[in-house]
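> have a look; sequence and predicted model below, questions after that.
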Amino acid sequence: MAFLRRWLDSDVGHSFRTSPTALVAALIALACVVAAVFAPWIAPHNPFDLATLELMNARLPPAWSPDGNREFLLGTDDQGRDILSALMYGARISLAVGLASVALSMLIGVTLGLAAGFFGGWIDTLLMRVCDVMLSFPAILVALLIAGVGRALFPQSPDTLAFGVLILSITLTGWVQYARTVRGSTLVERHKEYVQAAQVTGVAPLSIMRRHVLPNVLGPVLVLATIQVATAIITEATLSFLGVGAPPTSPSLGTLIRIGNDYLFSGEWWITIFPATMLVLIALSVNLLGDWLRDALNPKLR
């Protein structure tokens, strides 16, 4: 609580408390995260338990419709799964994949960016050329290629391995932004007096990067990571929509949208609209929080 009070009294905390957009976005994001994390306890049904599914309940409209059932507030899909419960479990998968891929991308990108900016020379040249090559391909194309190769090499893979391939495919397209951002900030920091003083006193280069340079380049990284969470979730939804993402037995929001797309023009609009709305709310709230954080950490805008 003391940490929370100190944070609320800081410049960033004051900016958050006085920004209606940030407050609303934070509430929406928090509600989505809570629903996803506590889905096994608060969801009305377990949509992934095949033994509890009834095909007689398939494609039921929302509860407020004339043909709706109060047991299924937002209706059911083609297999009789409760849409509300599927949204909670699907958001859980989407958030887990998005956060894991962003964390891995940040780890790889920050490490390579620090090395490129601090050491320079052939290390900088080699890493930046690799970044240029990665940026020359569309991110979704690289993700599709990696995911497709992984599925081809492991056709009978369990769900955990399928999620691993999905996280890896998103990571390989996401680390470049972190590397280039950290490299540019490190080029500025390494010529400052505190870094030169540490070098003169004989501090090891790795210690200088970890204890002195890294804390001063984390601001842009945090902003980029916040925005990249939304991008990673959308990328995962895109891959799942195309059939190379989350497996059908554990569908994410993208898989639910793909399933509902087959019934969109036959009148069962709720199978697609509700998962799509959930995806938009998550991505929009995270993006708004990223925009607020960018402005809050920019001293010129205070």
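Alright, I've got the coordinates.
> run through the neighbouring helices and strands of the longest helix along the chain.
Taking DSSP state H as the criterion, the chain has its longest helix at helix 83-119. For helix 83-119, the packing partners by 3 or more Cβ pairs under 8 Å, 6 or more residues apart in numbering; DSSP states H and E come out as helix 20-37, helix 39-42, helix 121-135, helix 159-189, helix 205-208, helix 214-241, helix 253-261, helix 270-296. Any C-beta I mention is one placed from the backbone N, CA and C, and that applies to glycine too.
> out of those helices, which gets nearest to F72?
helix 270-296 (9.9 Å; Cβ to Cβ).
> now the angle from that closest one to helix 83-119?
Angle, helix 270-296 to helix 83-119, by axes from the mean of the first three to the mean of the last three Cα atoms, to 10 degrees: 30 degrees.
> for helix 270-296, packing partners?
Short answer (3+ Cβ pairs under 8 Å, 6+ apart): helix 270-296 packs on helix 11-17, helix 20-37, helix 83-119, helix 214-241, helix 253-261.
> would a markdown table of those helices with distance to N46, mean pLDDT and mean neighbour count be doable?
Below are the helices and strands packed on helix 270-296 laid out as a markdown table (distance: least, Cβ to Cβ, whole Å; pLDDT from 0 to 100; neighbours: other Cβ atoms under 10 Å):
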| stretch | distance to N46 | mean pLDDT | mean neighbour count |
| --- | --- | --- | --- |
| helix 11-17 | 36 | 75 | 14 |
| helix 20-37 | 14 | 91 | 16 |
| helix 83-119 | 7 | 90 | 23 |
| helix 214-241 | 20 | 86 | 21 |
| helix 253-261 | 15 | 86 | 24 |
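> dump those into TSV; add distance to L297 as well.
What follows is those, written out as TSV (distance: least, Cβ to Cβ, whole Å):
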stretch	distance to L297
helix 11-17	7
helix 20-37	13
helix 83-119	16
helix 214-241	5
helix 253-261	30
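> so which of the ones you listed is nearest H45?
The nearest among those, by Cβ to Cβ, is helix 83-119 at 4.4 Å.
> out of the helices and strands packed on helix 83-119, which comes closest to A86?
Among these, helix 253-261 comes nearest to A86, with 5.8 Å by Cβ to Cβ.
> let me know the secondary structure of P61.
Three-state call for P61 (DSSP: H, G, I helix; E, B strand; the rest coil): coil.
> what pLDDT does it get?
Model confidence at P61, given as pLDDT, is 87.
> that one against L74, yeah?
No: contact criterion Cβ atoms under 8 Å: P61 and L74 do not qualify, at 9.3 Å.
> between the two, which one's more packed in?
The neighbour count for P61 versus L74, taken as other Cβ atoms under 10 Å, is higher for L74 (22 against 19).
> are we agreed that that one is in a strand?
No: looking at L74 with three-state DSSP, it is coil, so not inside a strand.
> tell me the spacing between it and F38.
Distance, L74 to F38, by Cβ to Cβ, to the nearest Å: 18 Å.
> do L206 as well
For L206, the distance to F38 - Cβ to Cβ - is 41 Å.
> now do I259
24 Å.
> before we move on, the earlier item: wait, which of the helices and strands packed on helix 270-296 is closest to V142?
Comparing the helices and strands packed on helix 270-296 by Cβ to Cβ, helix 214-241 comes nearest, at 10.2 Å.
> the helices and strands packed on helix 270-296: which one's closest to D295?
Of the helices and strands packed on helix 270-296, nearest to D295 by Cβ to Cβ is helix 11-17, at 7.4 Å.
> and that closest one, what does it pack onto?
Checking 3+ Cβ pairs under 8 Å, 6+ apart, helix 11-17 ends up next to helix 2-9, helix 20-37, helix 270-296.
> export those to CSV and tack on distance to G174?
What follows is the helices and strands packed on helix 11-17, written out as CSV (distance: least, Cβ to Cβ, whole Å):
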stretch, distance to G174
helix 2-9, 28
helix 20-37, 20
helix 270-296, 14
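> what's the closest of the ones you listed to A225?
helix 270-296 (8.5 Å).
> let me know the angle separating that closest one from helix 214-241.
170 degrees.
> check which residues of helix 270-296 are buried.
270-276, 278-279, 281-283, 285-294, 296 (16 or more other Cβ atoms under 10 Å).
> same check, this time on stretch 186-199
Neighbour count says stretch 186-199 has 186, 189-190, 195, 198 buried, by 16+ other Cβ under 10 Å.
> need these in CSV with distance to A237 and pLDDT, can you?
Compiled in CSV, the buried residues of stretch 186-199 are given as follows (distance: Cβ to Cβ, whole Å; pLDDT from 0 to 100):
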residue, distance to A237, pLDDT
T186, 33, 88
E189, 37, 85
R190, 39, 83
V195, 42, 81
A198, 45, 80
